[in-house]
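>>> Quick one, structure for this:
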Amino acid sequence: MRGRFFVQAVPLAVILLASGCASSLREPPPLAALGGPVSAGQAPGAADVDRLLQQAEAGLARRPDPAAVEQARELFLAAAGADESRSEGLLGTAKATAWLVDHEPDSARRAALATAGVQTCQWCIRRAAGSVECRYRLALALGQQARERPATAMDALSRIVVLLEEVITTAPHLDEAGGHRVLALLLLRAPGWPAGPGDPNSGLEHARKAVELAPEYPPNLLTLGEALATTGSHDDARAAYRRAAELARSRAAAGDPDATEWAKQAAAGI
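From the prediction side, this is the model:
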């Protein structure tokens, strides 16, 4: 599953204007506290990790079925708890949690999941300090937490920018140019100086770079469409959205579980 942006459909300016100031990172609870029945009760060993990961990936691939994704999250957590030398389970947990946050109708549950997502990524970094993907997932999780818990937004912004700049420098192709794509959206949606880092022109530059690095990935075209519209190039924006829709429909026909949502987003921009 590809990373989803953390302020989907909610401008950061709105979040920041409504927010106070609270720390976006706190000491995470024990890893076992983040899970439910599977991670808490199964007690698998290191020899079970590969099997658990395979089962979890199969469940995650069944989205948009939320029950399947929830079960996948528990299996990823079980894998993470079974072998403290491996980070794949934590990364999978972060991905599944992010999807659930974006598809959970209950606001209290969304907020709890968003915080759990941040905590999962903190554990990921502790376990794999050199993993740029753990840091990328933390940037996404901090953004979702900022959306669901606006008091954390001000503190989160600078952390997110630093994390994404690190991703761009060390792994520009990660998640189909996710560093550029997500930073572009942040710069487009955040308020400008002195309230925040917003800069639509820089956002457009990052959106163009994302498309340059991964031109066939629909979310990059969606981001470029938003950047072009924000900076006044409406005809070019519609062209970008049309291309995103074309690519998304092709992926949907090939079985990509996220592509139908991308196609709907593109259609809304045309």
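
>>> for stretch 159-170, the distance to its chain's centre please.
The gap between where stretch 159-170 is centred and where its chain is centred comes out at 14 Å by Cα atoms, centre = their mean, to the nearest Å.

>>> buried residues in that stretch?
159, 160, 161, 163, 164, 167, 168 (16 or more other Cβ atoms under 10 Å). From N, CA and C alone the C-beta is placed, and that goes for glycine too.

>>> cool, and stretch 192-204?
Neighbour counts over stretch 192-204 (16+ other Cβ under 10 Å) mark 196, 197, 198, 199, 200, 202, 203, 204 as buried.

>>> which stretches of the chain have low pLDDT?
Regions of the chain meeting the criterion pLDDT under 70 cover residues 1-20, 36-42.

>>> Now do the helices in it.
Ranges of helices in the chain, per DSSP state H, are 12-17, 37-41, 49-60, 66-82, 88-103, 107-127, 132-148, 153-170, 174-189, 200-213, 218-230, 234-253, 259-269.

>>> what separates the residue nearest to residue 60 when sequence neighbours are not counted from residue 78, distance-wise?
In space, and not counting its chain neighbours, residue 60 is closest to residue 72: 4.2 Å by Cβ to Cβ, 6 or more residues apart in numbering. Note on residue 72: its distance to residue 78, by Cβ to Cβ, to the nearest Å, is 11 Å.

>>> circling back to that earlier point, could you export the helices of the chain as JSON lines, including distance to residue 30?
Compiled in JSON lines, these are given as follows (distance: least, Cβ to Cβ, whole Å):
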{"stretch": "helix 12-17", "distance to residue 30": "30"}
{"stretch": "helix 37-41", "distance to residue 30": "11"}
{"stretch": "helix 49-60", "distance to residue 30": "19"}
{"stretch": "helix 66-82", "distance to residue 30": "10"}
{"stretch": "helix 88-103", "distance to residue 30": "13"}
{"stretch": "helix 107-127", "distance to residue 30": "9"}
{"stretch": "helix 132-148", "distance to residue 30": "18"}
{"stretch": "helix 153-170", "distance to residue 30": "23"}
{"stretch": "helix 174-189", "distance to residue 30": "28"}
{"stretch": "helix 200-213", "distance to residue 30": "37"}
{"stretch": "helix 218-230", "distance to residue 30": "34"}
{"stretch": "helix 234-253", "distance to residue 30": "39"}
{"stretch": "helix 259-269", "distance to residue 30": "34"}
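
>>> Of those helices, which is nearest residue 28?
The closest of those to residue 28 is helix 107-127. By Cβ to Cβ, the value is 3.8 Å.

>>> Pull out the buried residues from the closest one.
So, applying 16+ other Cβ under 10 Å, buried residues of helix 107-127: 110-111, 113-125, 127.

>>> what's the closest of these to residue 63?
residue 113 (14.7 Å).

>>> and the closest one, what is it in contact with?
By Cβ atoms under 8 Å, 6 or more residues apart in numbering, the contact list for residue 113 reads 97, 100, 101, 104.

>>> Which ChimeraX command selects the buried ones in these?
A single ChimeraX command selects the buried members of those (16+ other Cβ under 10 Å):
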select :97,100,101,104
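
>>> Residue 47: which of the contacts of residue 113 is nearest?
residue 97 (25.6 Å).

>>> Surely that closest one is in contact with residue 119?
No. Taking contacts as Cβ atoms under 8 Å, residue 97 lies outside contact range of residue 119: 9.5 Å.
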